[in-house]
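Participant: sequence-free structure coming up:
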């Protein structure tokens, strides 16, 4: 039986169990290891977000986010998943409101924290081309404060 069929059957069984979200999380995190936070995965999400922003700017006929009134910059992400990288990057890029939606909330504090650590490392290494406005530094400081236990 192909892997996808086994996974589909397993998900059907799990969805009938109590604590199905916790079981799904544990299987993905510790058995299949598909939830291991990796720098490459975060960089891919950043690149994906940058492509979305570039398309948005091109359709608006402007060269940068700075040319727009950031109060009108709003975004919707559908299917945020385990790692909300795109909403955070949109905020760092100057979007004033970001709405995220997922059929099932997959948020986990440990995954969020791991993602933030890698995100800060990536930004500080300049290993991706982020075109952040000057006020993004205060948002980066907020993330660092959260990582140091200053925010809950």
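Facilitator: That came in fine, so what should we check first? All figures in this text were calculated on a predicted structure; none of them were measured in a lab.

Participant: hey, which helix is longest across this structure?
Facilitator: As assigned by DSSP state H, the longest helix anywhere in the chain is helix 39-60.

Participant: what residues sit buried inside it?
Facilitator: For helix 39-60, the buried set under the neighbour-count rule, 16 or more other CB atoms under 10 Å, comprises 41, 42, 43, 45, 46, 49, 50, 53, 56, 57. All C-beta atoms are positioned from the backbone trio N, CA, C, and that covers glycine.

Participant: the last one contacts residue 63, doesn't it?
Facilitator: Yes - with contacts counted by CB atoms under 8 Å, residue 57 reaches residue 63, the gap being 6.7 Å.

Participant: how about the strands in the protein?
Facilitator: 74-78, 97-101 (DSSP state E).

Participant: quick check: buried residues in the last one?
Facilitator: Going back to what we said before, that points to strand 97-101. In terms of neighbour count (16+ other CB under 10 Å), strand 97-101 has its buried residues at 98, 100.

Participant: distance from the chain centre to that strand, please.
Facilitator: How far strand 97-101 lies from its chain's middle: 11 Å, per CA atoms, centre = their mean, to the nearest Å.

Participant: other SSEs contacting that strand?
Facilitator: Where contact means 3 or more CB pairs under 8 Å, 6 or more residues apart in numbering; DSSP states H and E, strand 97-101 is packed against strand 74-78, helix 85-92.

Participant: that strand vs strand 74-78, what angle?
Facilitator: Relative orientation of strand 97-101 versus strand 74-78 (axes from the mean of the first three to the mean of the last three CA atoms, to 10 degrees): 10 degrees.
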